[in-house]
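**Q** Give the three-dimensional model of this entry:
(2 chains)
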Protein chains: 2
Amino acid sequence: MSRFLEVIDVPGAVATAIRIAPDPVPEEIPADEAPGRVTCTDVTANADIPGFDRSIVDGFAVRAEDTSGATDSAPALLRSTGRVAMGEPDGGLAVAPGNCVYVPTGGVLPKGADAVVMVEHTDTEGETVLVKRPVAHGENVLMHDEDYRRGEVILPAGRRITPQDAGVLAACGKVSLTVAKKPVIGIISTGNELVPVTAVPGPGQVRDANTSMLVAYLREYGCTPRVYGIVRDERESFEATLAKALPECDVVLISGGSSKDDRDMTASVIARMGEVLVHGITIAPGKPTIIGTIGKTPVFGLPGHPASAYVVLLVIVRPLLAHMLGEKKTAITTTRATLGSNIPSQKGREEYVRVKLANGIAHPIFGKAGLLNTLVESDGLVCVAAGQEGLEQGTEVDVILW
Amino acid sequence: MSRFLEVIDVPGAVATAIRIAPDPVPEEIPADEAPGRVTCTDVTANADIPGFDRSIVDGFAVRAEDTSGATDSAPALLRSTGRVAMGEPDGGLAVAPGNCVYVPTGGVLPKGADAVVMVEHTDTEGETVLVKRPVAHGENVLMHDEDYRRGEVILPAGRRITPQDAGVLAACGKVSLTVAKKPVIGIISTGNELVPVTAVPGPGQVRDANTSMLVAYLREYGCTPRVYGIVRDERESFEATLAKALPECDVVLISGGSSKDDRDMTASVIARMGEVLVHGITIAPGKPTIIGTIGKTPVFGLPGHPASAYVVLLVIVRPLLAHMLGEKKTAITTTRATLGSNIPSQKGREEYVRVKLANGIAHPIFGKAGLLNTLVESDGLVCVAAGQEGLEQGTEVDVILW
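**A** Now for the predicted structure:
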């Protein structure tokens, strides 16, 4: 057993998880595959965007000074000398003093002009345009570098790419970009009571729920899960499976059986092959969590109960994954709600209580450890800090949404 | 042109979108692919879960009445008659009055026992177990049907499957399930000013940002986007592309050029081939939106500005997609925040203002229409209702998160 074996608080466990997290590995991918991935470097514009001065309305390109003082009763009279077509250069349609040129929304502002009068504020009589409102220099014009200037950062490093970002990348002509490689996360389930999803459990047996849950979570978070199946609580097969997983994975998650004997085996196997850094966290549910390393590979022992495993995944493992992806902003979404009833808690441990949201009220769902239905019925978690003895009904709380 | 051409408010536009939405088409898929998909039918348990009475602690299975009145100083003395092994039947270890049997967390409660005393509340002297606290009938036991009873609904129809749901499906032995087929959504970009992402725009040209944005959004939402590329504002090629897309898609989104002429062409082409139901919505940005049908296929004309197109996608198109997926709960996530500055708005239109969140304050980002950078810099939208003339600084608002 490692000498560093200790029970620690949640911030300590998170700090340990981040400390052992491998750094992001950059890889270049087509922009088409970028959404959901995390940028590894700043993405910069290699040209001004939009690239030319554009009208943002349908109207007449003018010299602003020519419209000074224009009103309905005393319009400025300008001579229309042509039209700019969409997607075309201005075709030499320079706007001389006293002249104007029609330009559609998105069209090029012709030379000489410095503003656009909306068509709604004009009347046309033959070649004469009656401008009934003055415009200021630059009005209704998007300057050639107003969206992005050449060399400016479009997306910072560490950003998870959204659909809007995909649009911006396209506008800037990015056909590929450098993102963090998807971490490969091994999943081993242990427990003599576990049978595969396809089996009909015999007396005393249950199906392995954690593997499916972990796979789905890791995929959603942008990792590549790798399943090693169920191992029985026998040191030899457990060690053989772990030895197979280590060179193939960046991190290994061992979802433990639920008896004390099982947990002891996970810790002792990690200690034999590497080092146990944390054995027990002051978190509820999820106390019997193990954090260790074998070589440089982080290895977690997660609780067997799906609800406990999921809380540990969100609170302890996610920061490690975020580090491996280089993600700057937490992916946790919270919403404010009013607590619908008291939550008693034990001081000295950080307690995560499942809640159901209805009309801004967070109703705690209390249930025995090991109940799966509360995971489905709840909308998220409320955290009772370690220093608190509970939360009172009516308190404003942040709900961590699933 | 259709006689039903009209400018309508947002609720009217949403109602129209939902009215023309095709119903969900069920398909059976492996459970492994279920996360993110939407259930089409109730998923029910075909056996009790967990399936046997289980201990939820490490301890001694007892008859509760044998522990009545037990204290530290006057413990109940019980005879230990064996141990239940994890994953095994109780092996005939029935608990007779005055006896107890060791059972690990998750182990089978042996016959005769009706509760479990935590090992922490006992001492052992040879074969004698000193129980120092009384337990009630059922204490520390998860009954065989306490999680799900045979026939009970595990996941209701219309639920988007989460990672936790994947765990619950596994626990219940579901290897496949019926979900809504991914709607195939055609995307056509129109505009003489548009060039593909790979091109270097000439004077007056910009790259097509909307296609990439729409593709990413639709994939994230669980649809299959189908890209038909850029068509110039020429009726013949436009109609040919639309005619090709219609039989291949469940819905077609036409992202318009930004000039008035372009928009007129989208509307008139839809009117020639089918029916225009809505032309103009009292929404900002996004007013020049078209909703129509060709045959039974919904066809949308979206604004060309990415920011406008995205707002219309979220507010008007998403409810149609939700209907096609049979999704019961909106996928919109909101968070409460305090408005950092006044938002002026025009009464009579529903205005969506991009905001940046910092420490619970929503800072409106005002910018010219057509700026892409505000899509990246903002965290979501604040809606100013059509009946309001604006929102004052300090107001509590719901921010629709991207």
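
**Q** quick one: contacts for residue A:213?
**A** Residues near residue A:213 by CB atoms under 8 Å, 6 or more residues apart in numbering or on different chains: A:306, A:309, A:310, B:163, B:164, B:166, B:167, B:170. For the C-beta atoms, the positions are set from N, CA and C on the backbone; glycine is no exception.

**Q** now those residues: which count as buried?
**A** A:306, A:309, A:310, B:163, B:164, B:166, B:167, B:170 (16 or more other CB atoms under 10 Å in any protein chain shown).

**Q** Now tabulate those in TSV and tack on secondary structure.
**A** Formatted as TSV, these follow (DSSP: H, G, I helix; E, B strand; the rest coil):
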residue	secondary structure
A:306	helix
A:309	helix
A:310	helix
B:163	helix
B:164	helix
B:166	helix
B:167	helix
B:170	helix
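
**Q** Looking at those residues, spot the one nearest residue B:359.
**A** Nearest to residue B:359 among the buried ones among the contacts of residue A:213 is residue A:310, at 28.4 Å by CB to CB.

**Q** and the gap between the residue in chain A sticking out farthest from the centre and chain B?
**A** In chain A, the residue that sits farthest from the middle, by CA atoms, centre = their mean, is residue A:126; the gap is 56.4 Å. Residue A:126 is 21 Å from chain B, where distance means CB to the nearest CB, to the nearest Å.

**Q** ditto for residue A:139
**A** Distance, residue A:139 to chain B, using CB to the nearest CB: 10 Å.

**Q** Can you get me a residue count around the residue nearest to that residue when sequence neighbours are not counted?
**A** With sequence-adjacent residues excluded and distances taken as CB to CB, 6 or more residues apart in numbering or on different chains, residue A:139 is closest to residue A:115, at 4.5 Å. Neighbourhood size, residue A:115 [other CB atoms under 10 Å in any protein chain shown]: 23.

**Q** residue ranges with poor pLDDT in the stretch 301-402 of chain A?
**A** For the stretch 301-402 of chain A, the stretches with pLDDT under 70 are A:331, A:369.

**Q** correct me, but the residue nearest to residue A:139 touches residue A:64?
**A** Yes - contact criterion CB atoms under 8 Å: residue A:115 and residue A:64 qualify, at 4.2 Å.

**Q** Would you verify that residue A:236 is located in a helix?
**A** Yes - judged by three-state DSSP, residue A:236 forms part of a helix.

**Q** rewinding a little: pull up the overlap in contacts between residue A:115 and residue A:64.
**A** A:135, A:136, A:137, A:138, A:139.

**Q** Run through the residues that contact the first one.
**A** Remark: with contacts taken as CB under 8 Å, 6+ apart, residue A:135 is in contact with A:62, A:64, A:67, A:115, A:116, A:117.

**Q** Check the residues you listed against chain B and report the nearest one.
**A** Closest to chain B out of those is residue A:116 (11.7 Å), distances taken as CB to the nearest CB.

**Q** Which helix or strand contains that closest one?
**A** Assigning secondary structure by DSSP states H and E places residue A:116 in strand A:115-118.

**Q** Would you mind listing the buried residues in the next helix or strand after that strand?
**A** As assigned by DSSP H and E, the chain's next helix or strand after strand A:115-118 is strand A:122-125. In terms of neighbour count (16+ other CB under 10 Å), strand A:122-125 has its buried residues at residue A:122.

**Q** Could you do stretch A:347-358 as well?
**A** Result for stretch A:347-358 [16+ other CB under 10 Å]: buried residues A:349, A:350, A:351, A:352, A:353, A:354, A:355, A:356, A:357.

**Q** same deal with stretch A:274-281?
**A** A:274, A:275, A:276, A:277, A:278, A:279, A:280, A:281.

**Q** Over to stretch A:217-236?
**A** A:217-219, A:221-223, A:225-228, A:230-233.

**Q** how distant is the helix-or-strand element of chain A with minimal mean pLDDT from the center of its chain?
**A** Among the helices and strands of chain A, helix A:260-273 carries the lowest confidence by mean pLDDT, DSSP states H and E, at a mean of 79. Chain-centre distance of helix A:260-273: 34 Å, with CA atoms, centre = their mean, to the nearest Å.

**Q** by contact count, what packs against that helix?
**A** Helices and strands touching helix A:260-273, by 3 or more CB pairs under 8 Å, 6 or more residues apart in numbering or on different chains; DSSP states H and E, are strand A:184-190, helix A:235-245, strand A:275-279, strand A:290-294, strand A:297-302.

**Q** Contacts for the longest one next, please.
**A** Under the contact criterion CB under 8 Å, 6+ apart, helix A:235-245 has outside partners A:186, A:188, A:190, A:226, A:228-229, A:231-232, A:252, A:254, A:265-266, A:269, A:272-273, A:294, A:299.

**Q** tell me the angle of it relative to strand A:290-294?
**A** Relative orientation of helix A:235-245 versus strand A:290-294 (axes from the mean of the first three to the mean of the last three CA atoms, to 10 degrees): 60 degrees.

**Q** Lovely, talk soon.
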